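Participant: I would like the atomic coordinates for the input below:
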Amino acid sequence: MSSDVSRKPLGHLVRDLSLSERRPIALFAALALAGAVAEATVPLLVGASLSAALDAGTGQLAATVLGLGAALAVGIITNVTRNAIASRIKVRNAARLRTSIGEKAARAPREVAASAHQAQVATVVSYDVERVTGFPIARIKLVASIIGMAVVSAYLLWISPWVTLLILVGVPTFMWLTTKIAEPLEERQERHRELLGKVTELSSDIALGLRILRGLGAQNVMRARFEKASLDTEQAGVRVARTEALLFVSGNLLPGILLTGVVTLGGHLAASGAIAATDLVTFYAASAYLVLPVSTAAGYSGLRSSARVAAKNIVDILEIPESEWPGRLSPIPTDADLFDQVTGLRVPAGKFSVLVPDGGIDSEALCRRLAGLTSSADEPVLLGGRPLRDYDLPALRDAVRYHGSRTTILSGSAHQVLDPTARHGHEDLRPALWAAGATDVIDRLPEGLHTHIDADGRSVSGGQRQRLVLARSLLGDPSILVLVEPTTALDAVTEVEVARRIAQHRHGRTTLVVSRSGAFRAVADQVLRIQGGTCV
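Facilitator: Below is the predicted model of the structure:
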């Protein structure tokens, strides 16, 4: 990947983040500059204090000591303040990025799922965001340290042009060497990040499918795959660590070489009488200060490489194309029939309808189409004689709810699992729990609705999980509800009772249940069938 290509996502994100925090960043930059200038004057004031103590009176000594104390105080105060500001900037920017990624996943769940595994998205949120948000601060620190170096070079030039020449040649040279050392780091970090995402994805798949793997006796095969992926990731991480270690060593070794050179040359000049002995102290203190720009450049080079890789991963998710929804009509007519023009299926308003699936049709795709969850304009579904895509999307999502055979449960308390939007109190949950036959599930949990449920419902049985998800779909009484095989994990007796309760709970509201179960046919207002792709 070329530097130009990798730099664009980082520049895009940094520009947006800097605009959103322009005032705090401007304050941070001002404090960083003031602190750098104050710290850069310390070597000069140390030498001046020593000279005043040896040659001048107490008045000049007091003035130089006072100036030294003021410079140190400014440096300390600005450092503490700017670090506090930097922490707040990074926290707020990280929250903005994570919110943007979350909103993207909420707006375009199908597109995001098709382009990135959920584990990869989680890695971006937890791993990459932190690296990007720290980059603007690091860049300002680098600029401030370079300005400090310029201040030091200015007064050293006044004392001795030769030492200044050494510094002006040595510092940029060492910065350039640091950059060259860091060049392989970006490619190696990108490879490590890619493998880390694959390991995270694989571990997530294994955790979610552990029961199936055990049933198939395939756990050893998956363990071997996971071990190999982990080993590849470890080797890539070692290569990254080697480069980072070399970068760290250069950040300490190169300033040491510069310090040795400056002190050696300064000592030679002092011995020859070209500079005063007190100026040698100034040179030494200035050389020690000049360690900062080289060390900062080394840290900046490493962070820039990781930030480029992280920014590319973040932008890849944020720029996933979203299908446009053109509709703006509102409110949604809840007393109108739902009609699929592809199959001729008509779901009458206010009725409890059951569709017996036919092997020749994808009932899951049909029901997603009926709920307006597909982006194809070539397969329109009509509601009240108007295509679903003519209606306002948020209003449509509130009115029409889809419950598929493959559902997801996020981790959290049982209440949070049932009510992810946090719109309902405990009492509001009871009708939906009753209709789904899930009241006893909650009653058996150690802390009831406060009990923590693991991701994807791994801490409950398959039947309990299905009833909890069903209760979540029933909650809030949507005007139109489409259920696909909602009771496949229940025993026959429980299934009959749940079917009866759902029909009672949904009385007077448009409901379509896709199921082969006779329990739903027994309570249906009408039974629909599709043969050869056409409703009969």
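
Participant: doesn't residue 336 make contact with residue 349?
Facilitator: Yes - between residue 349 and residue 336 there is a contact under C-beta atoms under 8 Å: 5.6 Å. For every residue, glycine as well, the C-beta is placed using N, CA and C.

Participant: quick one, strands of the stretch 401-536 of the chain?
Facilitator: With strands called from DSSP state E, counting those that start in this stretch, the stretch 401-536 of the chain shows them at 412-413, 452-453, 480-484, 510-514, 526-531, 534-535.

Participant: what is the neighbour count of the closest residue to residue 372 other than its chain neighbours?
Facilitator: Once flanking residues are discounted, residue 372 sits nearest to residue 388: 4.2 Å by C-beta to C-beta, 6 or more residues apart in numbering. Applying other C-beta atoms under 10 Å, we find 23 residues neighbouring residue 388.

Participant: residues in contact with residue 388?
Facilitator: 327, 372, 380-382, 396, 400 (C-beta atoms under 8 Å, 6 or more residues apart in numbering).

Participant: any idea how far residue 483 is from it?
Facilitator: Here the criterion is C-beta to C-beta, to the nearest Å. By it, residue 388 lies 18 Å from residue 483.

Participant: next structured bit after the helix or strand that residue 104 is a member of?
Facilitator: Assessed by DSSP states H and E, residue 104 sits inside helix 58-107. Following helix 58-107 in sequence order, the next helix or strand is helix 109-115 (DSSP H and E).

Participant: so how far is that following helix from its chain's centroid?
Facilitator: Centre-to-centre, helix 109-115 and its host chain are 16 Å apart (C-alpha atoms, centre = their mean, to the nearest Å).

Participant: which parts of that helix are buried?
Facilitator: Neighbour counts over helix 109-115 (16 or more other C-beta atoms under 10 Å) mark 111-112 as buried.

Participant: what mean pLDDT does it have?
Facilitator: The pLDDT scores in helix 109-115 average 75.

Participant: turn the contacts of residue 388 into a markdown table, including secondary structure, distance to residue 195 and pLDDT.
Facilitator: Below are these laid out as a markdown table (DSSP: H, G, I helix; E, B strand; the rest coil; distance: C-beta to C-beta, whole Å; pLDDT from 0 to 100):
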| residue | secondary structure | distance to residue 195 | pLDDT |
| --- | --- | --- | --- |
| 327 | coil | 43 | 83 |
| 372 | coil | 39 | 85 |
| 380 | coil | 44 | 84 |
| 381 | strand | 43 | 89 |
| 382 | strand | 49 | 91 |
| 396 | helix | 41 | 89 |
| 400 | strand | 42 | 92 |
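
Participant: now, which of these sits nearest residue 531?
Facilitator: Using C-beta to C-beta, residue 381 comes nearest to residue 531 of the contacts of residue 388, at 19.9 Å.

Participant: list the contacts for that closest one?
Facilitator: 338-341, 369-370, 372, 387-388.

Participant: just the buried residues from those, in PyMOL please.
Facilitator: Of the contacts of residue 381, the buried ones can be selected in PyMOL as follows, counting by 16+ other C-beta under 10 Å:
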select buried, resi 338+339+340+369+370+372+387+388
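
Participant: let me know the closest of the contacts of residue 381 to residue 97.
Facilitator: residue 372 (29.8 Å).

Participant: what about the closest one, distance to residue 246?
Facilitator: 56 Å.

Participant: swap in residue 485?
Facilitator: 58 Å.

Participant: neighbour-wise, which of the two wins?
Facilitator: residue 485 (21 against 17).

Participant: leaving aside the residues next to it on the chain, what's closest to the more buried one?
Facilitator: That would be residue 405: by C-beta to C-beta, 6+ apart, it lies 4.5 Å from residue 485.

Participant: tally of neighbours for the one you found?
Facilitator: Using other C-beta under 10 Å, residue 405 has 15 neighbouring residues.

Participant: any idea how far the closest residue to residue 403 other than its chain neighbours is from residue 409?
Facilitator: Counting by C-beta to C-beta, 6+ apart, residue 473 is the residue found nearest to residue 403 once chain neighbours are left out, at 3.9 Å. Distance, residue 473 to residue 409, by C-beta to C-beta: 12 Å.
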